[in-house]
Structures are given as structure tokens and as C-alpha cells.
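[1] following is a predicted model, sequence given first.
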Amino acid sequence: MGLGGLIDVEALSGLTHLRTISFMNNDFEGPMPDVKKLGGALRGLFLSNNRFSGNIKDDAFFGMRSLRNVYLANNEFVGKIPKSLSELPKLANLLLDDNQFEGEIPDFSSMGLRTVNLANNKLEGPIPVSLSNISPRSFSGNDGLCGKPLEPCMSSLKRSVHRITIIIIVIVGVVALAAISIACFICCGRWTRKTQLEKSSSELMYKKEFNNTHKQQYYKKGEHGKLYFVRNDRETFELHDLLKASAEVMGGGSLGSSYKATLLDGGTTMVVKRFRHMSNVRRDEFHEHVTRLGMLSHPNLLPLVAFYYRREEKLLISDFVDNGSLASHLHGKRSRRLDWPTRLKIIKGVARGLGYLYKELPSLTLPHGHLKSSNVLLDDTFEPLLQDYALVSLINKGHAQQFMVAYKSPEFSQHDIVTKKTDVWSLGILILEMLTGKFPTNYLKQGKSGNADLAAWVNSVLREEWTDEVFDIDMKGMENGEGEMLKLLKIGMCCCEWNVERRWDLRQAIEKIEELKERDSDEENSSSGIEGDVYSSRGMTEDAFSFSVNG
């Protein structure tokens, strides 16, 4: 699935005004494209999540003085990091993680370098001073690296002694192994035919037991490229049926790429999500966790249908929901159907689905972990369906902490922790987004840099004068419902409380949400029944706010 083959840079060389080139999240292969032919005006090169391989020439980026963004992560590049890359004067963002680069890291000359990720390669030696202020996570998975921000480097003498010690141990081991081999060879001639028969019988019994074990049967299927179905109430199909299907790229998110696949059996349409940041999870762990997710059943959860495991990538298959996501209706289509009663229905469904996850997955700290409007699908009746839930434990830790919504919460920003109330924070953000029509653009930012901005977005809502002007101007059906809407706004604020101890737990939030009605009762004014200002303002400056208003 996705685009593949080799990239012909010659075909693009005539585009003199080309500033950005992106082939991310596909299956392109072969050597590094000769991007020098695109000229020195190129500013962005995005080739992550493909199958490019081989060495990158040392002068591959020579003369590209305008290049600011280089994304080469999740490929199969080998050899040293090219010197010409480290000499780019305007380089700001560099992602080389999940390749097989080796040798020492060159000293980067760009003064504006903001983001660097070199994790999961084969790099070694001291980290250059120019990168000493980068997060340690950006160097993880390189056992040979040392120096700030990692552990101090060993002295040359210690390193030499260590190397000599290893050589001596290897020599002694080889001699001992040779002696044991000679002894075994002598004894081998004395074995009787009876012993050989007993050995053969033992091996046969072991193989029979091996083949009768369900888990090992699954291993065998995975090795032969089989899909594994987690629901018994669904028709099954094979991986080659998906590969033959009419495929349409739906988009590439922070966790992977999505494809709409229409099978050739008469129109069955599935969504295939391709994940390439789950390389640290073992096959048996993945199998057990995803099978558990497949057993979940609730009107407000998008059910998982099948999955495919390979070390390099994983596929999760679910049904296609034609009506799109809540985000597309709020910020894309500007759907007229999203009146107040519909939005209340959606929030109640989201809360119920989240409550079910908390009930069925009590051992998980983050039963969802990635709750946002683009992960809330809407069926034809605008009933919400949560997707991408309970994946935190499968995603590589560094990637999860950089991209998943739960890790933009104030508790992670301040204390590097997440709690059972972290999903409640995400629910509060979703409530405010639905009521105001404002999109938290900070979800698009990576890592902790987006955390403070997201809190500022919450405070920007809090700073609004609390009248009907705070609500989305495109939300119809507000007549006689302002009091209930104000209650929901305050519920959202209580869910977004910075202090985790004072923040509501999910049970409290669900109880208050379930009490809401489409219209105010006759004897009721706009009072919400929530006493006092149980939310807190962090005193953010106006310059710290980060949100967009869709008109």
C-alpha cells in the first residue's frame, strides 16, 4: 500500500521555484535521492517512513544553503552522517532516528538548530558540544554514545583496558570451546543407536507440542504474512485481498498512515492503519494486547477487526466510517448538523465510551491516551465512535511522549508523569473545542513545547467574558439552552484543572455530563450548580496563547 519504487529527481529539477519536497509514509526504496539537483533554494526535505537504504554521500547536501528541515527517519540508511548535512547554515529541524547510521556524530554548525533526533542508530563516540543541550531521548538506542547530555565518556586509558580485557575473554572462550568440541567429538563415536532413537522420539514429541500451542501457531501465521482476526462475528479475508483492494490514502497522522481499502468481494470497505513506531513491542505482547482490545464492545467504540504483525510495521484493520471525524465537521466541513443538541449527544457518547474503557481496562494508566477530535468518528446518526484507544503501551516510548495527547497534559509537562486523570484533561480540551469552535493548534506541536501552549489555549477560553459570545457562532439550536451550555463549559474547565488533585475524576465528569439537557428547565437560570471557581488560571500572557478561530 502507498507509493513505491524509485524517485526520479531529474523530473523535478526543472521546477526552479520548488521549496519543499515530501514523500513521507510510503514505500519508496533505493539510495538517497540526489537532492542537490533540486537547487540551493530547497527549504524542506521530508522522506521519513520509507525504505531508502545505503550510504549517503558525504557531499549529498553541499550547496543547499536554504535547507531548514531534513526528515529522514524510519528508513534503512547506513554509514556515517554526511558532513555536508552538518554544515547546512540554516538547518533547524533534523530527524535521522530509526536508521543504521554509524560512527561519530559530526559537529553541527547551524546556530538555529531546534530539533534533533538521532535515536535508534549505531552511533558512537562523544556527542558534540553543539548538541549537548538536546534531550537525552534524542540519542537513545545508540549504546556507543557518551558525553553530555548522556553519561560522561570513559578516558582513553580505561577504554583501552576495557578493549584488552574483552580480547582476553574472547581468546580464553575460543580455547575452551575448542577443547569442549574435541571432547564431544570423541564421545560422539560411543553413542548407541538406542540413544539416537530416543533423541529422535523426544524431538518429535516436542514438535507436536509446539504445533498444538495456539500462540506458536500464531507465530507461524505471522511469519507467513497472515492477518489475525480478533472478532468471531466478522467475515475473514487474507492479506493479499487487502493488497489487491482498491486503496486510497486517507492521510498520515502522528502515529502512522491510514488507507481506505475496498475489497474485491463486492464492496466491503475497511480502514488499514499502518504503524511504524511499535518496534519495541514483542510479538507475544502485541498479540495479547490487541486481542484484548478486539474483545471490547461498546456503542461508542470503533471495533478492531484484525491485525498484522511484522517487526518493522504493524497493521490494525477496522471498519470504514463514511461520515468522517468530529474534527472534520468542526473545522473542515463546518457541518450544519452540529447544532447544540448534536454536540451534547456527541459529548455524552464520548464520555460513555471513555467510561467503558476505564471499566474494562483498569490496569492501564491511560485507557485511551490519545483522545482528540480527529480520533472521534461520527456515524450516520452522529453517534461518536472512539478510535486509536489504549495504544500507549504499544507505541515506542519516545515517540509516544513526543506526539500523543496525554503527554501534553500539565502533569507530564511539570513532573514527567501521567495519571488516571490525564484522559480527563483530554476530555476537557475536547469539550472546550466543541463549545467554542476553536481548534487547539498545539496538538500539532511535538513534545513538551506544545504543553504550555495547550494550557494557554485553555486559559484563553477562561479569559473570555462568559456570555453566549464565547460559544461557536455556527452552533445552532442554542435557544433556551444557554444555561445547559454554560454548565458544560464549566465541566470542561473542571476537567482541565492544572492541579491533578483538584481535577475531577472521570466518574464525576460523566455524572455531571449525563445530567445535562438540551433545553433549560423553566425554573432554572443559567446557574450550573458547580460551586465557585474550581478551575485555576496559570496567569499566561496574551502572547502565549495559541489557537485558531474558524469563521
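    Cool, got the structure. Residues are numbered from 1 along each chain as shown.
[2] and stretch 100-114, what's buried?
    By neighbour count with 16 or more other CB atoms under 10 Å, stretch 100-114 contains the buried residues 101, 105, 106, 108, 110, 113. For the C-beta atoms, the positions are set from N, CA and C on the backbone; glycine is no exception.
[3] what about it, average pLDDT?
    When pLDDT is averaged over stretch 100-114, the result is 86.
[4] what is the least confident helix or strand in the chain?
    Least confident element among the helices and strands of the chain, by mean pLDDT, DSSP states H and E: strand 548-549 (a mean of 30).
[5] mind listing the helices for the stretch 1-150 of the chain?
    In the stretch 1-150 of the chain, the helices defined using DSSP state H, counting those that start in this stretch lie at 83-86.
[6] relative to residue 366, how far out is residue 19?
    The gap separating residue 19 from residue 366 is 39 Å, by CB to CB, to the nearest Å.
[7] who has more neighbours out of those two?
    Each of residue 19 and residue 366 has its neighbours counted (other CB atoms under 10 Å); residue 366 has more, 26 against 13.
[8] ok, that one touching residue 394?
    No: the pair residue 366 / residue 394 is not scored as a contact, 11.7 Å apart, by CB atoms under 8 Å.
[9] ok, now which ones touch residue 345?
    Neighbouring residues of residue 345 by CB atoms under 8 Å, 6 or more residues apart in numbering: 382, 383.
[10] what pLDDT does the model give residue 306?
    pLDDT at residue 306 comes out at 91.
[11] now swap in residue 145 and tell me
    91.
[12] state the pair within the buried residues of stretch 100-114 that is farthest apart.
    101 and 110 (18.3 Å; CB to CB).
[13] for the closest residue to residue 87 other than its chain neighbours, give me its contacts.
    Closest residue in space to residue 87, ignoring its immediate chain neighbours: residue 109 at 5.5 Å, by CB to CB, 6 or more residues apart in numbering. Residues near residue 109 by CB under 8 Å, 6+ apart: 86, 87, 88, 89, 130.
[14] neighbours of residue 4, how many?
    Neighbours of residue 4 under the rule other CB under 10 Å: 11.
[15] tell me the bridge partners for the residue lying closest to residue 80 once chain neighbours are set aside.
    Computed as CB to CB, 6+ apart, the closest residue to residue 80 that is not its neighbour in sequence is residue 103, at 4.2 Å. Taking DSSP bridges as the rule, residue 103 bridges to residue 123.
[16] sorry, back to before: ok, so of the buried residues of stretch 100-114, who is nearest residue 508?
    So of the buried residues of stretch 100-114, ranked by how close each gets to residue 508 (CB to CB), first place is residue 113, at 45.0 Å.
[17] ok, that closest one to residue 287 distance?
    41 Å.
[18] related to what we said a few turns ago, which of the contacts of residue 109 has the most neighbours?
    Neighbour counts for those, by other CB under 10 Å, peak at residue 88, which reaches 22 neighbours.
[19] coming back round to it: residue 377: which of the contacts of residue 109 is nearest?
    Distances from residue 377 to the contacts of residue 109, taken by CB to CB, are shortest for residue 88, at 41.2 Å.
[20] quick one, what contacts the spatially closest residue to the closest one that is not a sequence neighbour?
    Leaving aside its sequence neighbours, residue 88 sits nearest to residue 67 (CB to CB, 6+ apart; 5.3 Å). Going by CB under 8 Å, 6+ apart, residue 67 touches 42, 43, 44, 45, 61, 88, 90, 91.
[21] please name the nearest non-neighbouring residue to the last one.
    Spatial nearest neighbour of residue 91, excluding adjacent residues (CB to CB, 6+ apart): residue 110 at 4.1 Å.
[22] residues contacting that neighbour?
    Residue 110 is in contact with 88, 89, 90, 91, 92, counting by CB under 8 Å, 6+ apart.
[23] okay if I get the residues you listed as TSV plus pLDDT and distance to residue 426?
    Below are the contacts of residue 110 laid out as TSV (pLDDT from 0 to 100; distance: CB to CB, whole Å):
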residue	pLDDT	distance to residue 426
88	91	37
89	89	40
90	89	36
91	91	34
92	85	29
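[24] which among these gets closest to residue 338?
    residue 92 (37.7 Å).
[25] next, count neighbours for that closest one.
    Going by other CB under 10 Å, the residues that sit close to residue 92 add up to 17.
[26] report the contact partners of it.
    Here residue 92 is in contact with 68, 69, 110, 112, 113, 114, 115 (CB under 8 Å, 6+ apart).
[27] now with 7 Å, please.
    Contact partners of residue 92, counting by CB atoms under 7 Å, 6 or more residues apart in numbering, are 68, 69, 112, 113, 114.
[28] my read: the second one touches residue 44, true?
    Yes: using CB atoms under 7 Å, residue 69 is in contact with residue 44, at 4.3 Å.
[29] coming back round to it: find the pair from the contacts of residue 110 with maximum spatial separation.
    So for the contacts of residue 110, where distance means CB to CB, the most widely separated pair is 89 and 92, at 10.7 Å.
[30] circling back: may I see the buried residues of stretch 100-114 arranged in a markdown table, with distance to residue 515 as well?
    Compiled in a markdown table, these are given as follows (distance: CB to CB, whole Å):
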| residue | distance to residue 515 |
| --- | --- |
| 101 | 57 |
| 105 | 57 |
| 106 | 61 |
| 108 | 57 |
| 110 | 56 |
| 113 | 52 |
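[31] how many neighbours does the residue lying closest to residue 397 once chain neighbours are set aside have?
    Excluding the flanking residues, the one nearest residue 397 by CB to CB, 6+ apart is residue 280, at 7.4 Å. Residues near residue 280, counting by other CB under 10 Å, number 14.
[32] got it, and residue 262?
    15.
[33] ditto for residue 282
    10.
[34] ok, it to residue 9 distance?
    39 Å.
[35] cool, and residue 63?
    In terms of CB to CB, residue 63 sits 15 Å off from residue 9.
[36] helices of this protein, residue ranges please.
    Here the chain has its helices, by DSSP state H, at 83-86, 156-188, 193-212, 214-223, 239-244, 283-294, 326-327, 340-360, 397-403, 410-415, 422-436, 451-463, 482-495, 506-515.
[37] rank those helices by pLDDT, which is bottom?
    helix 193-212 (a mean of 34).
[38] buried ones in stretch 341-361?
    341-358, 360-361.
[39] try stretch 132-151
    Result for stretch 132-151 [16+ other CB under 10 Å]: buried residues 134, 135, 137, 138, 139, 140, 141, 142, 145, 146, 147.
[40] ends of that stretch, what's the gap?
    11 Å (CA to CA, to the nearest Å).
[41] show residues contacting it.
    116-127, 152-153, 398.
[42] same question for stretch 17-34.
    Contacts of stretch 17-34 (CB under 7 Å, 6+ apart): 2-7, 9, 12, 38, 41-54, 56, 60, 71, 77, 252, 257.
[43] kindly recompute the last result at 8 Å.
    1-7, 9, 12, 35, 38-39, 41-57, 60, 69, 71, 77, 252, 256-257, 274.
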